[in-house]
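A.B. asks: With the input below, show me the fold.
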Amino acid sequence: MWKSSIALLSLATSGTIATPSNTRRQAEQGLNTAAKAFGKLYFGSATDNNELTDSEYVAILSDSNEFGQITPGNSMKWDTIEPSRGTFDYANGDAIADLAEKNGQLLRCHTLVWYNQLPSWVTNGGFDNATLIEILQNHITEEVTHYKGKCYAWDVVNEAISDDSGAPLRDNIFLSTIGEAYIPIAFAAAAAADPDAKLYYNDYSIESPGAKSTAALNIVKLVQSYGVKIDGIGLQDHLIVGSSPSLEDQVTNMKAFTALGLEVAITELDIRAENPEAGQYNEQQSKDYAATIGACNEVKECVGVTIWDFTDKYSWVPGVFPGTGGALPWDEDFKKKPAYDAILKAYSGASSSPAPISNSSSGVASSTAAATSVATSVSVKPSTGLLDNSTPAFTPSATVIEPVATGEAECAVEYVYV
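C.D. replies: Numbers count the residues shown, from 1 in each chain. Predicted coordinates:
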């Protein structure tokens, strides 16, 4: 299978000219159709509410031949959904959820717990441990319940890992007040609110082996040690042309996660050029896209790929990384770039997973009945040592769940009062 994917990568980037019959066949086949034919669940795109007034954009986004899945970029984040305590506004999120439903597209919901885009009432509220846990659980329960049955998957916790190698977890209000247990608490609340949704941890710079990828593996082990459901890892893959990981490194990395019983998905793919105005990045960008798609193709448990919007017209990249751009398969005028063809060709070989992967939970990570029994009454416990920045003091009267031993994820969780 390595040979077949490497051959696909070569085909996608060697300048080989397709025969007229192949060209016609591929012209009739969009990225989602090709991905599903290969055996993947979807090929998708992120979107945002301001873009939905652009009719040409919406027509492409709504084409299920191209996209079988949509992710809301911002409309389900905390500051939008619960701008003041106990007041929920689902209008923007509903608009994207309704569009996906109308188009028959899967909805990956993003995101429940993130250090960024938090309203000031959360970050500056001065809440103690027990109160912040209640706020966290209530927010997750309310939002996941609202979208129950609509979200194929949730990015439950987003970007919890620090970029500082000396501190595995990112400093944020949840870590400093609750400790590392805020992560399994969040997953437990999401599982209780919608047991059928796939629950993901999502982060950037974890697409190849390294310190952050190791920290992500430890987050999985942390959640599993509580007997709490976690189904997958989202590899954001915000990459740079010419500096993207090799196909082999990406495959090795994915398999480290699948060895823990998880599925993986590429959730926010874009590959930015550092000098897009030069216009000479297309060949290398095509190779990089082909390598990333090829890596997912090599791993049966890699269920699909989502690009972080599909057109350079609405890319987040230039605003965050000034001077860079050209990151997506469609240009600013909605014309398909060589990267589009590279993705399509990467899906043109023999499938490594003959049937589309279903939406049923599987594996030790998602099989535990304890996921719902934990429900919403858990609180911080002393550090497991898996991810140990520091362990804050916790409310003496709080309810604590003890982690289950490795290999005992299906055991019931006992509540220990301290």
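
A.B. asks: Spell out which residues sit in contact with residue 154, please.
C.D. replies: With contacts defined as C-beta atoms under 8 Å, 6 or more residues apart in numbering, residue 154 is in contact with 108-112, 144, 190, 194, 197-200. The C-beta positions use only the backbone N, C-alpha and C, and glycine is treated the same way.

A.B. asks: next one: residue 245
C.D. replies: Residues in contact with residue 245, defined by C-beta under 8 Å, 6+ apart, are 207-208, 239, 253, 291.

A.B. asks: thinking again about what came up before, mind giving me the ChimeraX select for the contacts of residue 154, buried ones only?
C.D. replies: What follows is the ChimeraX syntax for the buried subset of those, where burial is set by 16 or more other C-beta atoms under 10 Å:
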select :108,109,110,111,112,144,190,194,197,198,199,200
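
A.B. asks: show me where the stretch 151-300 of the chain has helices.
C.D. replies: In chain order, the stretch 151-300 of the chain shows helices spanning 173-178, 182-193, 211-225, 247-258, 282-298, with DSSP state H, counting those that start in this stretch as the criterion.

A.B. asks: Of those helices, flag the one that's most buried.
C.D. replies: Mean neighbour count, computed with mean count of other C-beta atoms under 10 Å, is highest for helix 182-193 among those, reaching a mean of 27.

A.B. asks: What is that helix packed up against?
C.D. replies: Secondary-structure packing of helix 182-193 (3 or more C-beta pairs under 8 Å, 6 or more residues apart in numbering; DSSP states H and E): strand 106-114, helix 129-146, strand 153-158, helix 173-178, strand 198-203, helix 211-225, helix 370-374.

A.B. asks: Using CSV, write out the CA atom coordinates for the fifth one.
C.D. replies: Yep, that's strand 198-203 we're talking about. What follows is strand 198-203, C-alpha atoms only, in CSV (Å, rounded to 0.1, in the frame of the first residue of the first chain):
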residue,chain,number,x,y,z
LYS,A,198,-18.2,11.6,17.4
LEU,A,199,-16.0,13.4,19.9
TYR,A,200,-12.6,14.8,18.9
TYR,A,201,-9.6,16.5,20.3
ASN,A,202,-8.4,19.0,17.7
ASP,A,203,-5.0,20.8,17.4
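
A.B. asks: hmm, back to that, I'd like the contacts of residue 154 written out as JSON lines, with pLDDT and distance to residue 34 added.
C.D. replies: Supplementary listing: those in JSON lines, determined by pLDDT from 0 to 100; distance: C-beta to C-beta, whole Å:
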{"residue": "108", "pLDDT": "99", "distance to residue 34": "19"}
{"residue": "109", "pLDDT": "99", "distance to residue 34": "25"}
{"residue": "110", "pLDDT": "99", "distance to residue 34": "24"}
{"residue": "111", "pLDDT": "98", "distance to residue 34": "28"}
{"residue": "112", "pLDDT": "99", "distance to residue 34": "31"}
{"residue": "144", "pLDDT": "99", "distance to residue 34": "32"}
{"residue": "190", "pLDDT": "99", "distance to residue 34": "32"}
{"residue": "194", "pLDDT": "99", "distance to residue 34": "30"}
{"residue": "197", "pLDDT": "99", "distance to residue 34": "26"}
{"residue": "198", "pLDDT": "99", "distance to residue 34": "23"}
{"residue": "199", "pLDDT": "99", "distance to residue 34": "28"}
{"residue": "200", "pLDDT": "99", "distance to residue 34": "24"}
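
A.B. asks: Pick out whichever of the contacts of residue 154 sits closest to residue 229.
C.D. replies: Set against residue 229, the nearest of the contacts of residue 154 by C-beta to C-beta is residue 199 (5.8 Å).

A.B. asks: my guess is that closest one contacts residue 224, does it?
C.D. replies: No - if you go by C-beta atoms under 8 Å, residue 199 and residue 224 don't touch, sitting 11.9 Å apart.

A.B. asks: Now for the two: what residues contact both?
C.D. replies: Where contact means C-beta under 8 Å, 6+ apart, the residues bridging residue 199 and residue 224 through contact with each are residue 230.

A.B. asks: Next up, the contacts around residue 82.
C.D. replies: Taking C-beta under 8 Å, 6+ apart, we find residue 82 in contact with 88-89, 119, 139, 142-143.

A.B. asks: Write the ChimeraX selection for whichever of the residues you listed are buried.
C.D. replies: The following ChimeraX line selects those of those that are buried, judged by 16+ other C-beta under 10 Å:
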select :119,139,142,143
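
A.B. asks: if we take the contacts of residue 82, which one ends up nearest to residue 150?
C.D. replies: Using C-beta to C-beta as the measure, the one of the contacts of residue 82 that approaches residue 150 most closely is residue 143, at 11.4 Å.

A.B. asks: quick one, what contacts the closest one?
C.D. replies: For residue 143, the set of contacting residues under the criterion of C-beta under 8 Å, 6+ apart consists of 76, 81-82, 88, 112.

A.B. asks: Can I get the contacts of residue 82 in CSV including distance to residue 232 and pLDDT?
C.D. replies: Output for the contacts of residue 82, formatted as CSV (distance: C-beta to C-beta, whole Å; pLDDT from 0 to 100):
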residue, distance to residue 232, pLDDT
88, 26, 99
89, 28, 99
119, 28, 98
139, 21, 99
142, 23, 99
143, 19, 99
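
A.B. asks: okay, now the closest residue to residue 103 other than its chain neighbours: neighbour count?
C.D. replies: Setting aside the residues directly before and after it, residue 103 is nearest to residue 62 in space (C-beta to C-beta, 6 or more residues apart in numbering), at 4.8 Å. Applying the criterion other C-beta atoms under 10 Å, we find 17 residues in the vicinity of residue 62.

A.B. asks: Residue 62 against residue 100, yeah?
C.D. replies: No - contact status for residue 62 versus residue 100: not in contact, 9.2 Å apart, counting by C-beta under 8 Å.

A.B. asks: need the contact list for the nearest residue to residue 63 once chain neighbours are set aside.
C.D. replies: Of all residues not flanking residue 63 in the chain, residue 30 sits nearest, at 6.5 Å (C-beta to C-beta, 6+ apart). Residues near residue 30 by C-beta under 8 Å, 6+ apart: 63, 65-67.

A.B. asks: One more: residue 75?
C.D. replies: The contact partners of residue 75, taken as C-beta under 8 Å, 6+ apart, are 48-49, 92-93, 95-96.
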